[in-house]
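Visitor: need a structure here:
(one chain, ligands or ions: 1)
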Amino acid sequence: MSLTIRSIDQADVEMCGKIGFQAHKAISSAHGYPSEQPSFEFAVGMIKTMMANPNSWGALAERDGQILGSIFLHLFPPSPVAAIGPLTVDPSSEGKVGRALMETALVEARKRDYDQVRLVQSPSHLRSFVLYTKCGFTLRESLFIMHGNPGLTTLEKKHDVRAARPEDISACNEICKSIHGFSRDMELRQAIDQRVAIINVDNTGSITGYAAGLGFLGHAVAKTNDVLKALVANSSAILGPGFFVPGRNFDLLKWLLDSGFRILWPANLMTFGNYQDPTAPFLPSIAY
Ligand SMILES: CC(C)(COP(=O)(O)OP(=O)(O)OC[C@H]1O[C@@H](n2cnc3c(N)ncnc32)[C@H](O)[C@@H]1OP(=O)(O)O)[C@@H](O)C(=O)NCCC(=O)NCCS
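Guide: Next comes the predicted model:
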């Protein structure tokens, strides 16, 4: 029977969650890492959340009435970048299914006028790396997800970190634009609403960096590594299993490791379409 790609209905959520859980369990246990989808309940809950988000779009693959895998595309208007993930295929059905789902998601992105698509890949899984490369994604940054206690970091006290407020948004957006070429306004606003966004202010009162929550779902940008370190050191908690650090930011990575942080697992930032190399330190989220 031929493979069909269709949108996901509420009735499909449990099966898609089960496949996501099993697919990630197979990979993480093969490499000795904690799983990105640690339980069936977590996997189902995540799909329910994405289905309820008007800025997320999902599709599944099925053959002969049997669901084989699913993919999600996320938009963050007005950011020009769309993100993909998770993409998961039933371990017993691997082979061409991932490609069909990815091509459908890229067509969907184009239909919505998004020509920049990004994702965070698990590099220990060669299959997904090859699939993404063949679909046109370029490896831009090797990442490490860091876990530890921000309170134990040491930093000379010359930084003023406080909760971000709505009136800080435009200055934060300008910093993000100068580093990445675009702002991440929607994600910053959500983080402010959730009271997890923080900013660093210099002694003239200017904002020099922000974190839209320090964690799995949060990104950060900063004018210097010292500002990024101040944002980490003044975070009350890490949201989720950890936060992503670009491996080529030696200074930040060494400071974190010297402060007792541990690497949970590696990851890769991969991009499709236009990409500007960031001009200053940043932390990506699980989206991009
Ligand atoms: C990643 C995943 C979605 C791929 O699904 P899939 O149906 O097996 O994908 P496809 O077969 O379409 O594509 C895989 C490609 O990698 C190729 N490949 C696999 N291992 C390879 C290797 N070591 N060297 C070169 N090519 C390799 C396959 O031949 C195939 O290419 P082809 O179709 O041109 O022959 C699936 O394995 C999965 O769900 N994994 C667990 C969860 C996960 O890691 N998701 C991605 C998170 S970033």
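Visitor: where does the stretch 151-288 of the chain have low pLDDT?
Guide: The stretch 151-288 of the chain contains residues with pLDDT under 70 at 156-158.
Visitor: Just say helix, strand or coil for the closest residue to the ligand within the stretch 51-200 of the chain.
Guide: Per Cβ to the nearest ligand atom, Gly98 is where the stretch 51-200 of the chain lies closest to the ligand, at 2.5 Å. C-beta here means a position set from N, CA and C on the backbone, and glycine is covered the same way. Here Gly98 is helix, with the state taken from DSSP: H, G, I helix; E, B strand; the rest coil.
Visitor: And for the one 10 residues further on?
Guide: Under three-state DSSP, Glu108 falls in the helix class.
Visitor: Contact partners for it?
Guide: With contact set as Cβ atoms under 8 Å, 6 or more residues apart in numbering, Glu108 has these partners: 57, 59, 73.
Visitor: ok, then the element right after the helix or strand the second one falls within?
Guide: Going back to what we said before, that points to Ala59. Assigned by DSSP states H and E, Ala59 belongs to strand 56-63. Per DSSP H and E, the first helix or strand lying C-terminal to strand 56-63 is strand 66-74.
Visitor: what does whichever helix or strand comes after that next one contact?
Guide: On the C-terminal side of strand 66-74, the nearest following helix or strand under DSSP H and E is strand 81-89. If you take Cβ under 8 Å, 6+ apart as the criterion, strand 81-89 is touched by 16, 19-20, 23-24, 36-37, 46, 61, 68-76, 97-98, 101-102, 105, 109, 112, 114, 116-120, 128, 182, 286-288.
Visitor: Go ahead and confirm the residue of the stretch 51-200 of the chain closest to the ligand touches His125.
Guide: No - between Gly98 and His125 there is no contact under Cβ atoms under 8 Å: 10.6 Å.
Visitor: And the two? Which one has more around it.
Guide: Between Gly98 and His125, counted using other Cβ atoms under 10 Å, the more crowded position is Gly98 (24 against 17).
Visitor: The more buried one and Ala230, how far apart?
Guide: Applying Cβ to Cβ, to the nearest Å, the value for Gly98 to Ala230 is 41 Å.
Visitor: Mind listing what's buried along stretch 47-61?
Guide: 47, 50-51, 57-61 (16 or more other Cβ atoms under 10 Å).
Visitor: ends of it, how far apart?
Guide: 15 Å (Cα to Cα, to the nearest Å).
Visitor: near the ligand, which residues of this structure?
Guide: Contact residues (Cβ under 6 Å from any ligand atom) of the chain with the ligand: 23-24, 27, 87-89, 94-99, 121-122, 125-128, 130-131, 134.
Visitor: Buried subset of the contacts of strand 81-89, written for ChimeraX?
Guide: Here is the ChimeraX selection string for the buried members of the contacts of strand 81-89, based on 16+ other Cβ under 10 Å:
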select :16,19,20,23,24,36,37,46,61,68,69,70,71,72,73,74,75,76,97,98,101,102,105,109,114,116,117,118,119,120,128,182,286,287,288
